[in-house]
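>>> here is the input, now give the coordinates:
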Amino acid sequence: MRKLFCDGLIYDSESKSFVRADILVEDTRIVKIEEEVDILLADEIVDCSGKYIIPGFVDVHSHGRTRVDFNNVKTAEDVRNMRTSYASVGTTTVMATLASAPYDDLVTSANAINANREEEGGISTVAGIHLEGRYLNEKRRGAHATELLAKLDGAELSELLGAMLPAPLHISAALELAGDDFYEVALSRGATLGMAHSDATYDEAMAAISKGAVSFTHTFNAMRPMHHREPGNISASLLSDAYTEVICDGEHVHPAMISMAHRLKPDGKLVLITDSMEAAGAEDGEYSIAGLKVFVRDGKAVNAEGALAGSTLDMHNALKNYMSFCGLALEEALPAATANPAKMVGISDSCGRIAEGLRADLIVLDSKDDVSINAVYAAGIKVK
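Reported below is the predicted structural model:
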């Protein structure tokens, strides 16, 4: 089945600009992008005149949506419903993020995720697994229950990652507590590493980067506070060439700090995330994450201690917030929600850009000013 998206303004991630062109899609992949593609090559024509076409959003840090948490998936239907919900708000690629849990439960969750990752048109793709839990610093545990934390042990990590493969893997951990064996195991398994829930000093954080860490998980949150005599891992995140994740909802991080991060980061290294939990796309009420109860009121998720516990954010709103907080045009802001996260976790060969050979994850916009979504195509099929 060949589908031709005609006469749209296509976003080019390299030049950060829109270019008028046609896109030919065969099944789930983009096969041709040219100024004018012969309509006789297509079985279906999608008229995009006057529309803007951008890549589907890539969320590399999300725990769940629509009353389902990746830690608690039980059926293929659970995973499918989540994938449909992500796609409905423009997130066509997601890393299934697992919070702290008992070892056996993490294995069970990983098996359920891996069994339901097959690429399918019309729903988002679960690209891999993001392990954000268990290997955290108790001092900065945030909304993770203390009893669910574990030492950063290379032998245990090797066994756990073996159970999680073949999915691409990203590990968020308090790497100041890790020995060389932890790094060696993660990197030998092809995983990417992020500093998370950490009390690292600036020097410890920079040492983690030198050993192979590529990112800082939800920067500013669950980190040692910045001080002028000990800048801590927040400063390492902002001043290094590592990727900087930020939860762009205006609650986890003040808009002024988001703007500061944008100004400080090297080009291509700021990553928008949602850190969404099961209440995203659902009503207010009582939920749970990482072994703790979470209470959602007016869309804000907190635990019994009043600490923020995930979010109800989606990537579409994260992008709009980022544009507003930093005074950015869509062209400047888009990589932080598409290409940058894909590169961070090593999946840019399949998503994050509009390019030949990549998955046909496309968002059609009516306007690039208010970023209103006209339609979403996940793996070449329109999302219902």
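
>>> hang on, Leu264 packs against Leu238?
Yes. Counting by Cβ atoms under 8 Å, Leu238 is a contact partner of Leu264 at 4.6 Å. For glycine as for every other residue, the C-beta is placed from the backbone atoms N, C-alpha and C.

>>> tell me how many other residues crowd Glu356.
As a burial measure, Glu356 scores 12 neighbours (other Cβ atoms under 10 Å).

>>> bridge partners for the spatially closest residue to Cys48 that is not a sequence neighbour, pull those for me.
Nearest residue to Cys48, sequence neighbours excluded (Cβ to Cβ, 6 or more residues apart in numbering): Gly8, at 3.1 Å. On the basis of DSSP bridges, Gly8 is bridged to Ala21.

>>> please report the distance of Gly8 from Val371.
15 Å (Cβ to Cβ, to the nearest Å).

>>> more neighbours: which of those two?
Neighbours were counted for Gly8 and for Val371 using other Cβ under 10 Å; Gly8 has more, 25 against 20.

>>> so who does that one touch?
Arg20, Ala21, Asp22, Ile23, Cys48, Ser49, Lys51, Tyr52, Ile53, Val364 (Cβ atoms under 8 Å, 6 or more residues apart in numbering).

>>> circling back to that earlier point, out of Leu264 and Leu238, which sits in the busier spot?
The neighbour count for Leu264 versus Leu238, taken as other Cβ under 10 Å, is higher for Leu238 (22 against 14).

>>> and the average pLDDT for the helix or strand hosting that one is what?
Taking DSSP states H and E as the definition, Leu238 sits inside helix 232-239. Averaging pLDDT along helix 232-239 gives 97.

>>> for that helix, packing partners?
Counting contacts by 3 or more Cβ pairs under 8 Å, 6 or more residues apart in numbering; DSSP states H and E, helix 232-239 is packed against strand 192-195, helix 202-211, strand 213-216, helix 255-264.

>>> got the angle for the helix or strand following it vs helix 255-264?
Downstream of helix 232-239, the next assigned helix or strand under DSSP H and E is strand 243-247. Angle, strand 243-247 to helix 255-264, by axes from the mean of the first three to the mean of the last three Cα atoms, to 10 degrees: 160 degrees.

>>> name the strands paired with strand 243-247 and say parallel or antiparallel.
strand 213-216 (parallel), strand 270-273 (parallel).

>>> give me the distance from it to the chain's centre.
Centroid separation between strand 243-247 and its chain, computed with Cα atoms, centre = their mean, to the nearest Å, is 10 Å.

>>> do stretch 52-70 as well
The answer for stretch 52-70 is 7 Å, by Cα atoms, centre = their mean.
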